[in-house]
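**Q** 3D, please:
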Amino acid sequence: MKQGMIVLLNGTSSSGKTSISIELVNQKEILFHHLSIDDFFINYNKFIDKKFPDFKPTREVEDHVIAQIIFDPILSMYYSTIKLFSEMGLNVIADTVIDNDKRFNECLDAFSDQPTLFIGVICSKEELIRREQIRGDRQIGLASSQFGKVYCFNEYDLEVNTEELNPIECAEKILSFIKSDQEYLVFKKLSKRNVSIL
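**A** Alright, predicted model coming up:
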């Protein structure tokens, strides 16, 4: 049995990745399993809240320290789960934000031997801000803060612009690319990036 394909959607928060993923899962031609990085973090937080309902830290921990202790390992588990699904022959939609070189390198390490379709989910900064304000469930300014970091990647197998196309049209464009039997070459050609030490 061959490996499952990985449809790797890269875009900022509120760019439309999850809406596209839902449409890909709902279509009947190709079976997909949707794995979102948000689900991994939400489930971890739910576990802590349920296990320790009266949890009250006695000292403040800086964001970058929390990232090193918790976020980075959860992200590694997320990438490993995607790879495992692919190895088991399951097609995966990976809905994530690659916003720094370290995370990009981890993706490259995890998926370079898998059939990975690298897709840029594109949206203007103005539209992202508008969507954040309408949604009400995202930190205002999150997408703007990610914009330059996420969209510094300019090599994709395919790009979908969520201002020009609705989620169904984006999903159809992705399916058409998959059914065209074009090779997914970009991820195999990309090289690791230099990670700056802070």
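**Q** Need the phi and psi values for the residue lying closest to Ile37 once chain neighbours are set aside.
**A** Among residues not flanking Ile37 along the chain, Thr96 sits closest, at 4.6 Å (Cβ to Cβ, 6 or more residues apart in numbering). C-beta here means a position set from N, CA and C on the backbone, and glycine is covered the same way. Dihedral angles of Thr96 (phi, psi; degrees, to the nearest 10) stand at phi -140, psi 180.
**Q** Let me see the contact set for Thr96.
**A** Leu8, Leu9, Asn10, Lys17, Ser36, Ile37, Tyr78, Cys107 (Cβ atoms under 8 Å, 6 or more residues apart in numbering).
**Q** closest to Ile129 among these?
**A** Lys17 (16.9 Å; Cβ to Cβ).
**Q** Could you name the specific helix or strand carrying the spatially most distant residue from the centre of the chain?
**A** The outermost residue of the chain relative to its centre, with distances by Cα atoms, centre = their mean, is Thr58 at 33.2 Å. Using DSSP states H and E, Thr58 maps to neither a helix nor a strand.
**Q** hey, which strand is longest across this protein?
**A** Identified as the longest strand of the chain according to DSSP state E is strand 116-122.
**Q** what's in contact with that strand?
**A** 5-11, 15-17, 20, 151, 153, 155-163, 170, 174, 177-178, 184, 186-188.
**Q** which of those residues count as buried?
**A** 5-11, 15-17, 20, 151, 153, 156-158, 160-162, 170, 174, 177-178, 184, 186-187 (16 or more other Cβ atoms under 10 Å).
**Q** Among these, which lie within strands?
**A** Judged by DSSP E, the subset of the buried ones among the contacts of strand 116-122 located in strands is Ile6, Val7, Leu8, Leu9, Asn10, Leu158, Val160, Asn161.
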